[in-house]
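Colleague: next come a sequence and a model predicted from it.
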Amino acid sequence: MDLNFSEEQEMIREVAREIAVEKIKPVAAKHDETGEFPHDIMKVIAEADLFRVFIDEKYGGMGMGTVALAIAIEELTWGCAGISIGYAATGLGAFPIILHGTEEQKEKYLPPIAEGKLAAFGLTESAAGSDASAVKTTAVRDGDHYILNGTKQWITNGGEAETYSIIASTHPKKGARGLSAFIVEKGTEGFDFGKKEDKLGIRASATRELVFKDCRVPAENLIGKEGRGFKVAMDTFDASRPGIGAQAVGIAQAALDYAVAFAYEREQFGQKITSFQGVKFMIADMATKIEAARSLVYKAAFMYDEKDREAGMFSAMAKLFASDTAMEVAVDAVQLYGGNGYMKEYPVEKLMRDAKITQIYEGTNQIQKEIIGKDVVKHIIRKK
Amino acid sequence: MLNILYGRNKLNVIVCIKQVPETTEISINPETNTLVREGIESIVNPFDEYALEEGIRIKERAGEGKVTVLSMGPPQAESALRECIARGADEAVLLSDRRFAGSDTWATSRILEAGIRHIGEYDAIICGQQAIDGDTAQVGPGISVRLGIPQVAYVSEIIELTGQECKVRRLVETGHEIYEAPLPCLITVVKEINEPRLASLRGKMKAKKVDITVWGLDEIGISEDEAGLKGSRTQVVEIFSPPKPEGGIRIEEEDTGAAAQKLYSLLKENSIL
């Protein structure tokens, strides 16, 4: 395995980095405070071609895979996780179509996403979190349509996205095997948005309920076959989890950068606090964990692009380790800032609030451990 | 939002740019009185980024056309032109020749004029208001005079551009002025005119591969006497850092009112007021 990024991948990093530095970072605190969705920055990201990287060339993309997506997410997130999630969640919403969509679905829905129209993925419900099979939203076939009823909860890009990949139950008695995936367009009759959530972190992102009331969706919008919804969702997460890992690395790197810059300027007992071993050791631990997390994230993305059969396990490991790292590093960054770190005037308390979600969404870290544990046993036993 | 009305759907724009040292890092060697260039990053002159953005917007709104970036400089100025391609320019021409070295604004505008004539067809030429290293603001106007086309300097808005003429807003100290000029014309722009876009991924990939046209003195057909030191009417005699002011009093009150009060008292005490 080549541990270096290609020249084209480095270009993605440069492009995304410039957006993060020039456009995102200066407005991060404002969006965190107001919770206003960053439409103008989504436009900048689109104009920079970053929505194209995870979509095939055939559909207006650049076909650069999940490594490319992870690079873009890491760098944009360095500027603000709440803002970059609008981009990352579009990848999440597009993956069901990319992975299981028909040719017609891809031709219709992927080119607008490549151009920067947002997408969203709707699985979670109030009673269906880690237990995805408990989905109560139903889809009942009626001639050449399906009629959707139910409420999805905490959907990122809710209300902002044009295209929604929705998991609903076509055979409620069958549980996970009764789930199916559908593409629902914004503006479809019977499809509305509930309240916008007031969140601890990633406050710039739009997190809303999706409400379906006798919503008629054309049968051709079924993704894959009936009963394959759970598989569509799990495959989607395999593809998107390195992105959450990358997001966590972006948060952690920002926390380290801020903390070191602050500690270097801060003097106590007549010297820079970076000259104290206690502080240096903290910085060393933070930096080492970040590098380890970054390596795991890109290894998982690389394995996914290479269609390695252990990619799913690695993407769960990457998500688990990187999100725990982000949380630890962000907490340490606040610690290094001392009392200042606790104040909203400084940027690190936001990073601590932003970091927490990475341990929870797209599969809690406990669910990641379930996946990893099961897969490790399976792989070792198989090798015997 | 600019209200641009187009009479035709194809407009070709030439944008003149200069590669300059990142001046926030600049220093002068006190022994030799020359700029310390080692380790100083080279960038596209910031004012020229606004010129490029405006050129791209004109082309985009016209629907068709071409934005050509033009620069005179040493071979390494190619990287500045590639940066412009990454930000959306279509083609790039570098005028580079040892015999151009030492050109002042007079010779530079002659060289750029010849380069523009060699490019041929154009509807508008856009320059930044000035370069941040020389700060003369003479080259843009110099080009227009030599080409015999109208010029409007310090433009803050292109109000209208019909293909036959343009109507622009010009920033002056006392407010603004509205000018109309037939095309082709040359404008120099101020930073209020737009917000330049960042490089796109496809732009960067194109910039990596694109061939930069390089023309020397012979290609653009001017004589040696018109370029470089020989073709220059001015000469730099000395470069030096202004002496650091000595003495003085710092007013360090955090409260603005208290600071003003202290300044007032000081001026009063010293019989200045």
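Modeller: Ah, there it is. Numbering: from 1, shown residues only, chains lettered A, B, ... in the order given.
Colleague: dump the lengthiest helix in chain B to PDB, restricted to CA.
Modeller: Ranked by residue count under DSSP state H, the longest helix found in chain B is helix B:46-62. The C-alpha trace of helix B:46-62 is given here as PDB (Å, rounded to 0.1, in the frame of the first residue of the first chain):
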ATOM      1  CA  PRO B  46      -3.600  41.100  -5.000                       C
ATOM      2  CA  PHE B  47      -5.200  43.900  -7.000                       C
ATOM      3  CA  ASP B  48      -4.800  41.800 -10.100                       C
ATOM      4  CA  GLU B  49      -6.900  39.000  -8.500                       C
ATOM      5  CA  TYR B  50      -9.900  41.500  -8.700                       C
ATOM      6  CA  ALA B  51      -9.100  42.200 -12.300                       C
ATOM      7  CA  LEU B  52      -9.000  38.400 -13.100                       C
ATOM      8  CA  GLU B  53     -12.300  37.900 -11.200                       C
ATOM      9  CA  GLU B  54     -14.000  40.700 -13.100                       C
ATOM     10  CA  GLY B  55     -12.700  39.300 -16.400                       C
ATOM     11  CA  ILE B  56     -14.100  35.900 -15.600                       C
ATOM     12  CA  ARG B  57     -17.400  37.400 -14.600                       C
ATOM     13  CA  ILE B  58     -17.700  39.300 -17.900                       C
ATOM     14  CA  LYS B  59     -17.000  36.100 -19.800                       C
ATOM     15  CA  GLU B  60     -19.500  34.100 -17.700                       C
ATOM     16  CA  ARG B  61     -22.300  36.600 -18.100                       C
ATOM     17  CA  ALA B  62     -21.600  37.000 -21.800                       C
END
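Colleague: and after that helix, which helix or strand comes next?
Modeller: Note on helix B:46-62: by DSSP states H and E, the next helix or strand toward the C-terminus is strand B:64-72.
Colleague: what mean pLDDT does that next one get?
Modeller: Averaging pLDDT along strand B:64-72 yields 95.
Colleague: so is that strand next to chain A?
Modeller: No: on the criterion C-beta under 8 Å from any C-beta of the partner chain, strand B:64-72 is out of touch with chain A, staying 15.9 Å away. (Each C-beta comes from the backbone N, C-alpha and C, glycine too.)
Colleague: quick one on the thing from earlier: can you give the distance of the longest helix of chain B from its chain's centre?
Modeller: Taking C-alpha atoms, centre = their mean, to the nearest Å, one finds helix B:46-62 lying 12 Å from the centre of the chain it belongs to.
Colleague: with stretch B:46-64 instead?
Modeller: Its chain's C-alpha centre and that of stretch B:46-64 lie 13 Å apart, by C-alpha atoms, centre = their mean.
Colleague: confidence score at the closest residue to chain A within chain B?
Modeller: Chain B approaches chain A most closely through residue B:201 (3.9 Å), counting by C-beta to the nearest C-beta. You'll see residue B:201 listed with a pLDDT of 97.
Colleague: look up the closest residue to it, ignoring the ones flanking it.
Modeller: residue A:49 (3.9 Å; C-beta to C-beta, 6 or more residues apart in numbering or on different chains).
Colleague: ranges for the helices of the chain?
Modeller: No chain was given, so I picked chain A. Going by DSSP H, chain A shows helices at A:7-19, A:25-34, A:39-47, A:65-79, A:81-100, A:103-114, A:229-265, A:277-305, A:311-337, A:348-358, A:365-383.
Colleague: other chain: chain B
Modeller: Under DSSP H, chain B gives helices at B:46-62, B:78-86, B:105-119, B:139-147, B:201-209, B:217-220, B:256-269.
Colleague: alright, I will stop here.
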